[in-house]
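> dropping a prediction and its sequence here:
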Amino acid sequence: MILEAAQDGIRHQVLTCIEEGEDVNAVNKNQETALHHAAFGGHLQIVDLLVSKGANKDALTKVKKTPLRYAAAAGHTEVIEALIRSGADKNTCCKDERTPLHLASGNGHVETAKALVKAGVDMDAQDKASVTKL
C-alpha cells in the first residue's frame, strides 16, 4: 500500500502506512521502493518524508537503478537536490553505466543536469558506449 500511495503522491496515506508499521523499504516485484515511486513522480514532500523515516536513498531495483536515477530521468530537479542533500550517491550507474547526468541531459532536462553539475557529479563519466554527456 505504501508503494501505491507514494506513486500516487498521497502524502497523508504514505504517513498512515508508516504509522501503521509498513516498511518504508518494502519492494515490489521489480525491487522498487516507495522512494523510487515518489522520486519518479516528482513528489518532493513524500521523498522528504520517506527519507526522514529511514528509506534507503540508494536502494537498487532489479536493474540497479536508484531513486536518484528515476528522478533524473524524469527531470525532477527539486527531488534530485533533496536526495543529494540527504546523502544519496549522485554518480550511481546501472547496467548501462549511464549516470543520473547522462539520463537528465539525454532526456533534455537542462535544469536537472545543471543541478547535478552544481552538486559536483563526475562530468567525465562514460557509459558503455564510452559517451560522456557534456
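Looks like it came in fine.
> just name the shakiest helix or strand of this protein by mean pLDDT.
When the helices and strands of the chain are compared on mean pLDDT, DSSP states H and E, helix 100-106 comes out lowest with a mean of 85.
> over the helix or strand just after that one, what's the mean pLDDT, rounded is fine.
Later in the chain than helix 100-106, the nearest helix or strand by DSSP states H and E is helix 110-118. Confidence for helix 110-118, expressed as mean pLDDT, is 91.
> and stretch 36-45, by the same measure?
The average pLDDT for stretch 36-45 rounds to 98.
> chain center to that stretch, what's the gap?
Distance, stretch centre to chain centre, for stretch 36-45: 7 Å (Cα atoms, centre = their mean, to the nearest Å).
> go on, stretch 60-76?
5 Å.
> could you work out the end-to-end span of it for me?
End-to-end distance for stretch 60-76, by Cα to Cα, to the nearest Å: 19 Å.
> burial of the closest residue to G120 other than its chain neighbours, as a residue count?
In space, and not counting its chain neighbours, G120 is closest to K90: 7.1 Å by Cβ to Cβ, 6 or more residues apart in numbering. No exception for glycine: its C-beta is placed from N, CA and C like everyone else's. Residues lying near K90 (other Cβ atoms under 10 Å) number 20.
> so for the least confident helix or strand of the chain, what gets flagged as buried?
For helix 100-106, the neighbour count (16 or more other Cβ atoms under 10 Å) marks P100, L101, H102, L103, A104, S105 as buried.
> cool, thanks, signing off.
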